[in-house]
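1. Kindly return the folded structure for what I paste below:
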Amino acid sequence: MTAEVVFWFCIALVAYAYAGYPLLVAALARRYGQVPHEADTGAALTVVIAAFDEEARIAARVRDVLDQDYPIDRLQVLVVSDGSRDGTAQAAAIDDERVRVLALPVNVGKAMAINAAMRHVDTALVAFTDVRQRFAPGTLRSLVAPFADPSVGSVSGELVIGAATGSSEGVGLYWRMEKRLRADEARLGWLHGVSGSIHAMRSAFFRPMPPGTVLDDMWMPLQSVFSGHQVWMAREAIAIDRASASIDEEFQRKLRTLAGNWQLIARMPALLNPLRNPAFFAWFSHKFLRLLVPWALLVALAASAFADGALYRLLFFAQLLAYGGALAGLALPRVAARMPLLPAASSFVILNFAALLSLPASLAMDPSRLWKKH
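-> Got it, this is the predicted structure:
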């Protein structure tokens, strides 16, 4: 295979992963997409919040959930204090009979904390959220309404990231594109992941997670997928979060997520089998290929350096210039913010550098350490 063929193959892979597949899904969703039946049933619901050393914020988070416009006698909140070293359990136990607190004696990680919580859930529906977000009005009703359709097994809400500046603007652009892709996948019945900060599922579909599982927001909805049910995205169910405070924080978040994808493949090998994975095409195009993109970018750069012809010399230096500009944007975020598309380019480089490191990171260490608080 010549260097020229290798170059264009790699460029095609990158283009398909980030543009071709989203455009294909958007076109198919417009033509064939379907929306599940929704009804405001006010079904009995337990909201699970796993927390570790969150004494300062947990009470406000619990009240935020209880303040939702949801039938009072149909809503419960279950807080799991995951071996917290502070007063998280005591602070969570506010004076409301709808709130229960489960205090684990040692820190076992989010996945195992959720496993423990599910042994105490007695409602047909269960929702999951984190401590640092807050819910927009009407969120729980919107999250539960799609379960009126028996084909729906899990529902994701929408995470809205607060105002961002500098390189975080590129992160915001990427996240808006990602949410649009997920919404289109949902209309085709292809959605296979949810937002970890706001999602719900039928309790009967829950399967305990192995210790140290990083992507609980993939493991749980995939149980619905493998059971033959749909994962829906309720865009009116909104959790509001802040943008990452720094480039390093954003990088660590991406590295954790991408390493978790490799871990998930090892723990759920059926993902690789199109005969067993009902969402194989979507998962392969959306998740797996993005793990390969940084390697394709490196090979494309090398191939253009060795290919014959002035065109490939030009493409080689164009790539170097693009990467140099993106790195300059990371070093000078205030300058980058005033230049169109440069924040997005910087975000793209961060994402793919994290993807490049995700495989060795998942092999060299326990990926759960990439997110566990200390």
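
2. nearest spatial neighbour of Tyr70, skipping sequence neighbours?
-> Closest residue to Tyr70 apart from its sequence neighbours, by CB to CB, 6 or more residues apart in numbering: Leu140 at 4.7 Å. Where C-beta positions appear, they are placed from N, C-alpha and C, glycine not excepted.

3. host element of that neighbour?
-> Taking DSSP states H and E as the definition, Leu140 sits inside helix 139-144.

4. ok, and what's touching that helix?
-> Contacts of helix 139-144 from elsewhere in the structure, counted by CB atoms under 8 Å, 6 or more residues apart in numbering, are 40-43, 45, 47, 65, 68-70, 75, 125, 127, 155, 157, 198-200, 234, 236-239.

5. gap between the next helix or strand along the chain from it and the chain center?
-> Counting by DSSP H and E, the next helix or strand C-terminal to helix 139-144 is strand 152-161. Centroid displacement of strand 152-161 relative to its chain, using CA atoms, centre = their mean, to the nearest Å, is 10 Å.

6. Which secondary structure elements does the helix or strand following strand 152-161 sit against?
-> As assigned by DSSP H and E, the chain's next helix or strand after strand 152-161 is helix 168-188. Secondary-structure packing of helix 168-188 (3 or more CB pairs under 8 Å, 6 or more residues apart in numbering; DSSP states H and E): helix 21-32, strand 152-161, strand 230-241, helix 342-364.

7. what comes up buried for stretch 217-231?
-> 217-226, 229-231 (16 or more other CB atoms under 10 Å).

8. Redo those residues as JSON lines? Include pLDDT.
-> Putting the buried residues of stretch 217-231 into JSON lines (pLDDT from 0 to 100) gives the following:
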{"residue": "Asp217", "pLDDT": "95"}
{"residue": "Met218", "pLDDT": "97"}
{"residue": "Trp219", "pLDDT": "97"}
{"residue": "Met220", "pLDDT": "97"}
{"residue": "Pro221", "pLDDT": "97"}
{"residue": "Leu222", "pLDDT": "97"}
{"residue": "Gln223", "pLDDT": "96"}
{"residue": "Ser224", "pLDDT": "96"}
{"residue": "Val225", "pLDDT": "96"}
{"residue": "Phe226", "pLDDT": "96"}
{"residue": "His229", "pLDDT": "97"}
{"residue": "Gln230", "pLDDT": "96"}
{"residue": "Val231", "pLDDT": "98"}
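
9. Let's see which of these end up in strands.
-> In strands, judged by DSSP state E, the following of the buried residues of stretch 217-231 are found: 230-231.

10. Out of the buried residues of stretch 217-231, the closest to Leu191 would be?
-> Val231 (4.2 Å; CB to CB).

11. In this structure the closest one contacts Leu191, no?
-> Yes. Judged on CB atoms under 8 Å, Val231 makes contact with Leu191 at a distance of 4.2 Å.

12. where do the contact lists of these two overlap?
-> 156, 221.

13. Using the record, which stretches count as separate domains in this protein?
-> 1-40+135-374, 44-123 (automatic domain parsing).

14. By mean pLDDT, show me the worst of the ones you listed.
-> Sorting these by mean pLDDT places domain 1-40+135-374 lowest, at a mean of 89.

15. chain center to it, what's the gap?
-> 7 Å.

16. repeat for stretch 65-80
-> Per CA atoms, centre = their mean, the centroid offset for stretch 65-80 relative to its chain is 24 Å.

17. From one end of it to the other, what's the distance?
-> 15 Å (CA to CA, to the nearest Å).

18. on that earlier part again, make CSV from the helices and strands packed on helix 168-188 and add distance to Gln319 to it.
-> Converted to CSV, the helices and strands packed on helix 168-188 look like this (distance: least, CB to CB, whole Å):
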stretch, distance to Gln319
helix 21-32, 22
strand 152-161, 30
strand 230-241, 34
helix 342-364, 12
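
19. Buried deepest among those, which one?
-> strand 152-161 (a mean of 24; mean count of other CB atoms under 10 Å).

20. The residue nearest to Leu363 when sequence neighbours are not counted - how many residues pack around it?
-> Using CB to CB, 6+ apart and skipping the chain neighbours, the partner closest in space to Leu363 is Trp262 (7.8 Å). Using other CB atoms under 10 Å, Trp262 has 19 neighbouring residues.

21. can you tell me the helix or strand for Trp262?
-> helix 247-267.

22. what angle do that helix and helix 342-364 make?
-> Relative orientation of helix 247-267 and helix 342-364, computed by axes from the mean of the first three to the mean of the last three CA atoms, to 10 degrees: 50 degrees.

23. Remind me what helix 247-267 packs against, helices and strands.
-> Applying 3+ CB pairs under 8 Å, 6+ apart, we find helix 247-267 packed against helix 216-226, helix 289-306, helix 342-364.

24. Out of those helices, the one nearest Phe251 is which?
-> helix 342-364 (5.6 Å).
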